[in-house]
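Enquirer: Coordinates for the following, if possible.
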Amino acid sequence: MSKYFSLEGRLIATAALPIITGITIFWLGTRAGFAPPLAWATSVLVSLPLLIVLVRLIIAPLTSTLKSLQNGLLNFRDGDFSISIVSPKDNELRQITLLYNEIGEHLRKERAHIYQRELLLDTVIQTSPQALLLVDQNDRIIYSNSSAKQLLNSGRPIQGLHLQKVLLKSPQEIASAIYSWKNGLFNYTDIHGPHSMHIGNSTFVLNAQKHRLIVLREMTRELTRAEVEVWKKVIRLISHELNNSLAPISSLAHSGKMLATKPGKERALEKVFDIIADRCKHLTEFTQGYATFAKLPAPSCETVDWQELINRIMPIQAFSLKGTPPKEPGYFDPIQIEQALLNLIKNSREAGSESSDIELEISTDNFGQKLVLSDRGCGMSEKVLEQALLPFFSTKEQGVGLGLALCREIIDAHDGHIQLLNRPGGGLQICLWLPWKNNKN
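Expert: Numbering: from 1, shown residues only. Okay, the predicted model is just below:
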């Protein structure tokens, strides 16, 4: 039967042919003189086997194709996309098999693409200078790169081993940092000398199990370069300040020596000495600023009454209080926070803000204490905002760049945060956040 007939048409034709054959045999039998029951029996005996044979011929390609599709789908389930099905001559079944083969080819390409990406990712991870460890919820290492093997086990494989067993052979500082789930910098020493490393921990769920990713990065060179750059900047800055003061002092000293030999020049000589005293005072303040920044002690936190803190600051640097202070006392080092607020208010005045426009607002909640100082000065550009808290950065001609840096050091020492924001309409807003005694983040 033609392959271009639809399956429904072929089934109807298959059923019609035995019926016509049976009717024909019945009609011929009655014409030949057979009794009607015998004619019916003969037509049934001939047409029924014919119907079975024709149906099997029609159904056979469909059954074969369905079995092939079943086997192919089982292979898909097992992750095998390499099997293709030979397309039958039947037009409808051919479309199904062609679609199956097209899906299989697409899945093969996707798998090859994923494999290439995994291979590339694995190559990048294995050649990365950062040590990476993937640990399951039972603390068993399920993945590690070459740097991790070299750092923790002298280059020998560690995959499949228990984390505790591997850390027994590693430097104590590294083991302690991993055990404590530390995030940040730490130092350790081995046969090659002292090292600085950064450790990061993160967790995620994979296959319904909790996993931990540990990343260890060598920071010795970066920190050394940064330290050298800072020292260079400090030396340049100190050299500049000393030259700016010592050169005039030397010149004035020579002028004073000449004036001392001339009668009637006492007023001029007194003026020379006053200028020398001013330059010496500037140098003293300059060096004391560096000493304060370099030798900032650990904060001695205690309970502080907000009103007492305000009463101590207001006579030194004028400002206005926004709202009322919280009834609950604060908890911090009063000397250091007082120094930070004095520096900030002084900066606001030097930025062109009137004392009446400088406002301090204090608020507290269950998480910490917030002090917000607002002014109507010149504000800061976006570039300056990014660097304002860095040591030695200053936009003032005679500034040394330690005021805001010292405030940041004080707030950081309290485990707090400092944030600088430009205000709508002009001015700057500085937010100081300090945690409570038992709520440090």
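
Enquirer: could you give the mean pLDDT of the top strand by length along the chain?
Expert: Longest strand in the chain by number of residues (criterion: DSSP state E): strand 193-206. Confidence over strand 193-206 (mean pLDDT, whole number) is 85.

Enquirer: Just list what that strand packs against, helices and strands only.
Expert: With contacts taken as 3 or more Cβ pairs under 8 Å, 6 or more residues apart in numbering; DSSP states H and E, strand 193-206 sits against helix 172-179, strand 184-190, strand 209-218, helix 220-260. C-beta here means a position set from N, CA and C on the backbone, and glycine is covered the same way.

Enquirer: How about it, which residues are buried there?
Expert: 195-199, 201 (16 or more other Cβ atoms under 10 Å).

Enquirer: just stretch 21-38 next, same as before
Expert: Of the residues in stretch 21-38, those buried by neighbour count under the rule 16+ other Cβ under 10 Å are 22, 25-26, 29, 34.

Enquirer: Show me which of those residues is closest to Q164.
Expert: The shortest approach to Q164 among the buried residues of stretch 21-38 belongs to G22, at 84.6 Å (Cβ to Cβ).

Enquirer: Wait, G368 touches L434, no?
Expert: Yes - contact criterion Cβ atoms under 8 Å: G368 and L434 qualify, at 5.6 Å.

Enquirer: so what sits against both of those two?
Expert: Applying Cβ atoms under 8 Å, 6 or more residues apart in numbering, one finds that G368 and L434 are jointly contacted by G416.

Enquirer: Let me know the helix or strand that K182 is in.
Expert: No secondary structure element spans K182, as it lies outside all helices and strands (assigned by DSSP states H and E).

Enquirer: Excluding sequence neighbours, find me the nearest residue to it.
Expert: Nearest non-adjacent residue to K182, counting by Cβ to Cβ, 6 or more residues apart in numbering: I199, 5.5 Å away.

Enquirer: how close does that neighbour sit to L206?
Expert: Here the distance between I199 and L206 works out to 21 Å (Cβ to Cβ, to the nearest Å).

Enquirer: Pick out whichever of G368 and L434 has more residues nearby.
Expert: Set side by side, G368 and L434 show unequal neighbour counts under other Cβ atoms under 10 Å, the larger going to L434 at 24 against 21.

Enquirer: isn't there a helix covering N311?
Expert: Yes - secondary structure assignment places N311 in a helix (DSSP: H, G, I helix; E, B strand; the rest coil).

Enquirer: And for it, the neighbour number?
Expert: Neighbour count for N311, taken as other Cβ under 10 Å: 10.

Enquirer: now do R312
Expert: Here the neighbour count serves as a burial measure; for R312 (other Cβ under 10 Å) it reads 14.

Enquirer: Which of the three states applies to the residue nearest to it when sequence neighbours are not counted?
Expert: In space, R312 comes closest to E338 once its chain neighbours are excluded; the distance is 6.2 Å by Cβ to Cβ, 6+ apart. When classified by three-state DSSP, E338 comes out as helix.

Enquirer: how about E338, what does it touch?
Expert: So, once contact is read as Cβ under 8 Å, 6+ apart, E338 ends up touching 309, 312-313.
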